[in-house]
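A.B. asks: got a sequence here, can you model it:
(chains A and B)
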2 protein chains.
Amino acid sequence: MKLTILGCHSATPRINTNPTSQVLEIKNHMFLIDCGEGTQVELRRNKVKFSRIKHIFISHLHGDHYFGLIGLINTFSLLTRLTELHIYGPKGLKEVVLLQMKLSGGWTQYQLIFHELNSKHSELIYEDDKVQVHTIPLKHRIYTNGFLFKEKENERKLDINMVNEANIDMAYYRKLKQGFDVVNEDGVLISNQKVTKDPVPAKSYAYCSDTVYNEEMLPIIEDATVLYHESTFLEKDEARCEPTKHSTAKQAATIAKKANVDTLILGHYSTRYSDYNLFKNEAKTVFENTVLSKDGKSFEF
Amino acid sequence: MKLTILGCHSATPRINTNPTSQVLEIKNHMFLIDCGEGTQVELRRNKVKFSRIKHIFISHLHGDHYFGLIGLINTFSLLTRLTELHIYGPKGLKEVVLLQMKLSGGWTQYQLIFHELNSKHSELIYEDDKVQVHTIPLKHRIYTNGFLFKEKENERKLDINMVNEANIDMAYYRKLKQGFDVVNEDGVLISNQKVTKDPVPAKSYAYCSDTVYNEEMLPIIEDATVLYHESTFLEKDEARCEPTKHSTAKQAATIAKKANVDTLILGHYSTRYSDYNLFKNEAKTVFENTVLSKDGKSFEF
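C.D. replies: Predicted coordinates:
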């Protein structure tokens, strides 16, 4: 899994700070998460191949999370894309995109497939043989979802020496990887445990922005490999969290600790602060394994 | 008059090339003309004070001319703007802006006043005591207007030595600047011509993007001080002009020559070209006083 931060600031695009957008590479997918103004330029800057993006997940309809989407859709068209594009986001997103396309007098030549969300409960919104994506209902000023990207359990690994020794036909390798016992060339049942090793543990990434402190997300994100949790404010401005429905770095860390995640990534910093290390310092008092997001930074895990 | 080019490229924003947007300073106004994605960042980069922008003119509803507008409106809100904002543009623009505001769950605390355009004829759309703005109907794939910004005739200048010598009371200076003859302290009628000089000539700026070659605009832009005319293509690609409704540099120059303007500024370059001097060279074979627009470049005239 590789996560690239295209933008991690709140509110408005500025010369050197971009609003929210991320690219998650997982099991050969390139998932785009949120798409603030300027995202297409940041995709170019970070050398992300446009054609590899087939799924875009929009958390909510505040401008700093989606104003770059219509431009990206339009650019895909100008580049004569043919691959279909799936967009997951709150109800209303389809209407605004289609209205702008109608007014421009042109439609995409590729298929644009909207998956509009309006459930208040966590839903499975994407699944293939390797990955699942669930929504994480968040509490913000408008309808908002985070997203949980989960690898499916990986296959068991063959212990090839043991397999050869056990005289198992190659035709059974697939069954072995899936965890089954098999019969060898001599007609003897071979226990799976004897000839395979445990799989690489499945990883998961929980994206939670924007939200006020909300323990209801804990059962959904429990044991995630990595949690991105918004931290708009420092503790001294905690009083701003409730009216704006945002969180402090320390609240993000508390969620990370209670959810028992491995790593916490902070972001969605308010422009009122200049030293982002303060976010990390405050979070670390609660949850040690905290890192800062930064525009253009990649994390591999 | 001062024109600052925020973006002068067609189609899509890229790392170092911005879609169309310009700021025209004229008689203490700061008019924003078109607003492609990223315009608000370019305004910051060019140190244009947001609060000075009170009028935005949108030529047409292709993304490279207006996808930055909703973000700018939103940013004005976040900066707690109170000054009203006037937006002039094709019918449909209001609907798309209001839909996005509705979906974001918030409205501007400043007044947002839309002046939607749908006439096929040139109209006077703004006027005060110093400036007029007229539309320039253009021929593009969708409904499009250019804009003619015209200073009103300036006041006559006092020849202060002659005024003193003629023994004219200060109370009459205003009348003199307006071109009237006045009676002096001795009861003698003083001819205006004797004590004033001709005013600074009124200037005008004609903005014409996007359009196919179209002589119907000539009577409207005749004798303009400066013409910005799109030049999407070089002559070798002239065949692309008709289907896309764009112009070559040479066609822009022909319009400049026939309209008898002082200066032609080229722009809206297709991304297929890397050497923009070719545009200038081709235009100069028809109209000598041609200059190239460039992101971040200012012209004073």
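A.B. asks: quick check, A:Lys250 in contact with A:Glu282.
C.D. replies: Yes: applying Cβ atoms under 8 Å as the test, A:Lys250 and A:Glu282 come out as touching, 5.0 Å apart. All C-beta spots, glycine's among them, are computed from the backbone N, C-alpha and C.
A.B. asks: what is in contact with those two at once?
C.D. replies: Taking Cβ atoms under 8 Å, 6 or more residues apart in numbering or on different chains as the contact rule, the neighbours common to A:Lys250 and A:Glu282 are A:Glu235.
A.B. asks: so A:Glu216, which of the three states?
C.D. replies: Put simply, A:Glu216 is helix when judged by DSSP: H, G, I helix; E, B strand; the rest coil.
A.B. asks: how many other residues sit next to it?
C.D. replies: Using other Cβ atoms under 10 Å in any protein chain shown, A:Glu216 is surrounded by 12 other residues.
A.B. asks: wait, what's in contact with it?
C.D. replies: Counting by Cβ under 8 Å, 6+ apart, A:Glu216 has contacts A:Pro137, A:Lys139.
A.B. asks: contacting residues for the most far-flung residue of chain A relative to its centre?
C.D. replies: Largest separation from the mean C-alpha position in chain A: A:Asp186, at 48.0 Å (Cα atoms, centre = their mean). Shown in contact with A:Asp186 (Cβ under 8 Å, 6+ apart): A:Asn167.
A.B. asks: mind checking pLDDT for it?
C.D. replies: pLDDT for A:Asp186: 94.
A.B. asks: over to A:Glu215?
C.D. replies: pLDDT, A:Glu215: 98.
A.B. asks: next one: A:Gly106
C.D. replies: A:Gly106 is given a pLDDT of 88.
A.B. asks: correct me, but it touches A:Ser77?
C.D. replies: Yes: with contacts counted by Cβ under 8 Å, A:Gly106 reaches A:Ser77, the gap being 7.1 Å.
A.B. asks: count of residues packed around whichever residue of the stretch 151-300 of chain A sits closest to chain B?
C.D. replies: Among the residues of the stretch 151-300 of chain A, A:Thr271 lies closest to chain B, at 9.2 Å counting by Cβ to the nearest Cβ. A:Thr271: 13 surrounding residues under other Cβ under 10 Å.
A.B. asks: what sits closest to A:Asp198 if chain neighbours are left out?
C.D. replies: Closest residue to A:Asp198 apart from its sequence neighbours, by Cβ to Cβ, 6 or more residues apart in numbering or on different chains: A:Arg156 at 6.8 Å.
A.B. asks: where along the stretch 1-150 of chain A do the strands fall?
C.D. replies: A:2-7, A:21-26, A:29-35, A:53-57, A:85-90, A:112-117, A:124-127, A:131-138, A:144-151 (DSSP state E, counting those that start in this stretch).
A.B. asks: the domain parsing of chain A - what is it?
C.D. replies: Residue ranges for the domains of chain A, per automatic domain parsing: A:2-154+A:200-300, A:157-197.
A.B. asks: most tightly surrounded among these?
C.D. replies: The highest mean neighbour count among the domains of chain A belongs to domain A:2-154+A:200-300 (a mean of 20), with neighbours defined as mean count of other Cβ atoms under 10 Å in any protein chain shown.
A.B. asks: gap between stretch A:46-56 and the chain center?
C.D. replies: 14 Å (Cα atoms, centre = their mean, to the nearest Å).
A.B. asks: dump the C-alpha coordinates for that stretch into CSV.
C.D. replies: C-alpha atoms of stretch A:46-56 as CSV (Å, rounded to 0.1, in the frame of the first residue of the first chain):
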residue,chain,number,x,y,z
ASN,A,46,3.3,13.7,-8.4
LYS,A,47,3.4,11.9,-11.7
VAL,A,48,0.2,9.9,-11.2
LYS,A,49,-0.9,8.5,-14.5
PHE,A,50,-4.5,9.8,-15.0
SER,A,51,-5.6,6.6,-16.8
ARG,A,52,-4.9,4.5,-13.7
ILE,A,53,-7.5,6.4,-11.7
LYS,A,54,-10.8,4.5,-12.1
HIS,A,55,-12.4,5.2,-8.8
ILE,A,56,-12.8,8.5,-7.0
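A.B. asks: enumerate the residues of chain A near chain B.
C.D. replies: Taking Cβ under 8 Å from any Cβ of the partner chain as the contact definition, chain A meets chain B at A:11-15, A:37-38, A:40-41, A:44-45, A:61-63, A:67-68, A:70-71, A:74-75, A:78, A:90, A:92-93, A:95-96, A:99-100, A:103-105, A:141-142.
A.B. asks: quick one: which of those sit in helices?
C.D. replies: A:40-41, A:44-45, A:63, A:70-71, A:74-75, A:78, A:93, A:95-96, A:99-100, A:103-104 (DSSP state H).
A.B. asks: ok, back up a step: which strand or helix spans the residue farthest from the centre of chain A?
C.D. replies: Counting by DSSP states H and E, no helix or strand carries A:Asp186.
A.B. asks: can you list phi and psi of it for me?
C.D. replies: phi -90, psi 10 (degrees, to the nearest 10).
A.B. asks: likewise for A:Tyr207?
C.D. replies: The phi/psi pair for A:Tyr207 (degrees, to the nearest 10) reads phi -110, psi 120.
A.B. asks: circling back to that earlier point, show me what contacts the residue nearest to A:Asp198?
C.D. replies: Contacts for A:Arg156 (Cβ under 8 Å, 6+ apart) come out as A:Leu176, A:Lys177, A:Gln178, A:Gly179, A:Asn192, A:Thr196, A:Lys197, A:Asp198, A:Pro199.
A.B. asks: in strands, which of those fall?
C.D. replies: The strands, defined by DSSP state E, take in A:Thr196, A:Lys197 from the contacts of A:Arg156.
A.B. asks: CSV for the contacts of A:Arg156, including distance to A:Pro137 and pLDDT?
C.D. replies: Shown next, in CSV, are the contacts of A:Arg156 (distance: Cβ to Cβ, whole Å; pLDDT from 0 to 100):
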residue, distance to A:Pro137, pLDDT
A:Leu176, 40, 96
A:Lys177, 36, 95
A:Gln178, 34, 94
A:Gly179, 34, 94
A:Asn192, 39, 96
A:Thr196, 38, 96
A:Lys197, 38, 96
A:Asp198, 33, 94
A:Pro199, 30, 93
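A.B. asks: any chance of the contacts of A:Arg156 in CSV, plus distance to B:Phe301?
C.D. replies: Converted to CSV, the contacts of A:Arg156 look like this (distance: Cβ to Cβ, whole Å):
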residue, distance to B:Phe301
A:Leu176, 79
A:Lys177, 74
A:Gln178, 75
A:Gly179, 77
A:Asn192, 82
A:Thr196, 78
A:Lys197, 76
A:Asp198, 74
A:Pro199, 70
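A.B. asks: quick one: the strands in the stretch 151-300 of chain A?
C.D. replies: Along the stretch 151-300 of chain A, counting by DSSP E, counting those that start in this stretch, strands occupy A:157-158, A:182-183, A:189-190, A:196-197, A:204-208, A:226-230, A:263-267, A:290-292, A:298-300.
A.B. asks: okay, the fifth one in CSV with CA atoms only?
C.D. replies: In this case it means strand A:204-208. Output of strand A:204-208 as CSV, limited to C-alpha atoms (Å, rounded to 0.1, in the frame of the first residue of the first chain):
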residue,chain,number,x,y,z
SER,A,204,-6.2,-1.5,5.8
TYR,A,205,-6.4,2.3,5.5
ALA,A,206,-9.0,4.4,7.2
TYR,A,207,-9.6,7.9,5.9
CYS,A,208,-11.6,10.2,8.3
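A.B. asks: what about the helices in the stretch 201-301 of chain A?
C.D. replies: Ranges of helices in the stretch 201-301 of chain A, per DSSP state H, counting those that start in this stretch, are A:218-221, A:241-244, A:249-258, A:277-284.
A.B. asks: who are the contact partners of A:Ile33?
C.D. replies: When contacts are counted by Cβ under 8 Å, 6+ apart, A:Ile33 touches A:Ser21, A:Gln22, A:Val23, A:Leu24, A:Ile56, A:Phe57, A:Ser59, A:Phe147, A:Tyr207.
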